[in-house]
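Got a sequence here, can you model it:
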Amino acid sequence: MRYLTFALAKGRLAKKTLALFEQMGIACEEAKDPNTRKLIFTNEEHKIRFFLSKASDVPTYVEYGAADVGVVGKDTIMEEGRNLYEVMDLGFGKCTMCVCGPESARELLSKNEIIRVASKYPNIAKNYFNEKKNQTVEIIKLNGSVELAPIVDLSEVIVDIVETGSTLRENGLTVLEEICPLSARVVVNQVSLKMEHERIRKILNQLNEIINQE
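Numbering: from 1, shown residues only. Model prediction:
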């Protein structure tokens, strides 16, 4: 039997996912060691391999078949736009993708004016303004604290993930429009779903049962 390979987004998502697998009886002790330098963890009994990667790389590993299954945030799936199947919402890591800015920018959004939008998620931002709002905007890609952009007049608004909104409030910004809800999702390689359908389906069913119990 070949290994079924899972790509997990490093950090909270990976920890939470590994904990779910442990509840299913698929443990990976090595992965719990905070000092480990290993990148791949194997459960020989179930012939399952896990590897940790940067969130934005998970959809790439899954699309190209380097991983059969991936666990990553909906934001990353939308931003990367890879060819894969999104098969399940794990229900944790909940937050919202929003358009944020100072209250004064609300008018610019309603008038469909040409504005600058700063974001770590240029594709999501572009898609939202072009497809949903038919508003012409200039997208500025940032990698760090996007909240800074409207404060220093780099952009009128930002597109970013909002969990509690406290960072926005501290910087005089507010949520102006909600784009979509986000959470951790399971994605599957298109070929793997055909070839390993029974094994993958079984794991998804077990995951579903545990999540519904919580």
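
Just say helix, strand or coil for residue 13.
helix (DSSP: H, G, I helix; E, B strand; the rest coil).

hang on, it packs against residue 72?
Yes - in this structure, residue 13 is within contact of residue 72 by CB atoms under 8 Å, at 6.8 Å. Glycine gets a C-beta too; all of them are placed from N, C-alpha and C.

Now list whatever residues contact both of the two.
Taking CB atoms under 8 Å, 6 or more residues apart in numbering as the contact rule, residue 13 and residue 72 both touch 55, 184.

Between these two, which has more neighbouring residues?
Ranked by neighbour count (other CB atoms under 10 Å), residue 13 and residue 72 place residue 72 first, with 29 against 23.

For burial, what's the neighbour tally of the closest residue in space to the more buried one that isn't next to it in sequence?
Using CB to CB, 6 or more residues apart in numbering and skipping the chain neighbours, the partner closest in space to residue 72 is residue 58 (4.1 Å). By the measure other CB under 10 Å, the count of residues near residue 58 is 30.

Check the one 3 residues further on too.
Residues near residue 61, counting by other CB under 10 Å, number 23.

about what we covered before: output the helix or strand hosting the residue nearest to residue 72 as CSV - backbone C-alpha positions only.
Assessed by DSSP states H and E, residue 58 sits inside helix 58-63. Extracted C-alpha coordinates of helix 58-63, given in CSV (Å, rounded to 0.1, in the frame of the first residue of the first chain):
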residue,chain,number,x,y,z
VAL,A,58,0.0,23.8,0.3
PRO,A,59,-2.3,24.2,-2.7
THR,A,60,0.7,23.9,-5.0
TYR,A,61,1.8,20.7,-3.4
VAL,A,62,-1.7,19.3,-3.7
GLU,A,63,-2.3,20.5,-7.3
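
looking at the sheet around the most centrally placed residue in the chain, what are its partners?
When CA atoms, centre = their mean is applied to the chain, the residue found nearest the centroid is residue 73 (1.8 Å). In this entry, residue 73 is beta-bridged to residue 184, by DSSP bridges.

Now do the contacts for it.
The contact partners of residue 73, taken as CB under 8 Å, 6+ apart, are 9, 13, 55, 93, 182-185.

Next: residue 107.
Neighbours of residue 107 in contact, by CB under 8 Å, 6+ apart: none.

same for the helix holding residue 58, what does it pack against?
strand 4-9, strand 69-73, helix 74-80, strand 184-188 (3 or more CB pairs under 8 Å, 6 or more residues apart in numbering; DSSP states H and E).
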